[in-house]
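Visitor: Sequence and predicted structure are below.
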Amino acid sequence: MKFTLHTKETAPEASKPIFEQTEKNYGFIPNLHGILAESPVALSAYAHITDQLQEHGALNAQEQQIAMIAVSETNGCDYCVAAHGMVAGMSKVPEETVNALREGREPSDPKQAALVRFTKAVLEHRGWVPEDAQQAFLDAGYTTRHVLDVFSVVALKILSNYTNHLAQTPLDAPFEAHKWSRKD
């Protein structure tokens, strides 16, 4: 399957305003957005969920990045692990935590580890998270609002991870320093 990597000039009209906002926010248009632009619905969904998590999420910026890397590592998404490795650093996630996540390990911080375990349980059990895993997440200080934010992160990352798998999205230059490859 061949996907088009859209630019501002080639993107469908409905994707162009999102490109403008993305470029304003990040200083460039990530290749993932260039691929998603083929479907203004997909690009809009990705941008909207991202914006809502950042503006209204119960998970803080660090927790969001930890969950995003956990999902992307579990799904083997080279692009997203690299991209969120960079963003996690910008969000002040400790390098040791990012490295643990990239290696499929839990962070040393107990609350962050609970977040990673719960996020992976959501993926593994397709939302049918066992009671003990639910309780462990709540015991770590999270709430049902956090559960729903984790679901939002999972939905966001499934959209991007699966897109990157099929499109073989080329890694953007800003993410190169965080390049990652899944273990086979």
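Guide: Sure thing, it's come through.
Visitor: Residue 139 versus the most centrally placed residue in the chain, what's the distance?
Guide: Nearest to the mean C-alpha position of the chain, by C-alpha atoms, centre = their mean, lies residue 68 at 3.6 Å. Distance, residue 68 to residue 139, using C-beta to C-beta, to the nearest Å: 23 Å. C-beta coordinates here come from the backbone N, C-alpha and C atoms, glycine included.
Visitor: and if you look at residue 50?
Guide: In terms of C-beta to C-beta, residue 50 sits 29 Å off from residue 139.
Visitor: And residue 91, by the same measure?
Guide: Distance from residue 91 to residue 139, by C-beta to C-beta: 25 Å.
Visitor: quick one: which of those two has more around it?
Guide: residue 91 (16 against 9; other C-beta atoms under 10 Å).
Visitor: Can you tell me, leaving aside adjacent residues, what's nearest to the more buried one?
Guide: residue 61 (4.3 Å; C-beta to C-beta, 6 or more residues apart in numbering).
Visitor: Now tell me what touches the top helix by length along the chain from outside.
Guide: The longest helix of the chain (DSSP state H) is helix 144-167. Residues from elsewhere that reach helix 144-167, judged by C-beta atoms under 8 Å, 6 or more residues apart in numbering: 1, 3, 32, 35-36, 42, 45-46, 49-50, 52-53, 57-59, 64, 67-68, 71-72, 75-80, 115, 118-119, 122-123, 127, 134, 137, 169.
Visitor: The residues you listed in helices, which ones?
Guide: 32, 35-36, 42, 45-46, 49-50, 52-53, 64, 67-68, 71-72, 78-80, 115, 118-119, 122-123, 134, 137.
Visitor: The residue nearest to the centre of the chain contacts residue 84, doesn't it?
Guide: Yes - between residue 68 and residue 84 a contact is recorded at 4.7 Å, counting by C-beta atoms under 8 Å.
Visitor: Enumerate every residue touching residue 143.
Guide: residue 58.
Visitor: Got phi/psi on it?
Guide: Dihedral pair for residue 143: phi -130, psi 180, per degrees, to the nearest 10.
Visitor: Can you check what pLDDT the model gives it?
Guide: You'll see residue 143 listed with a pLDDT of 98.
Visitor: same deal with residue 184?
Guide: pLDDT recorded at residue 184 is 63.
Visitor: Residue 26 now?
Guide: Turning to residue 26, the model gives it a pLDDT of 89.
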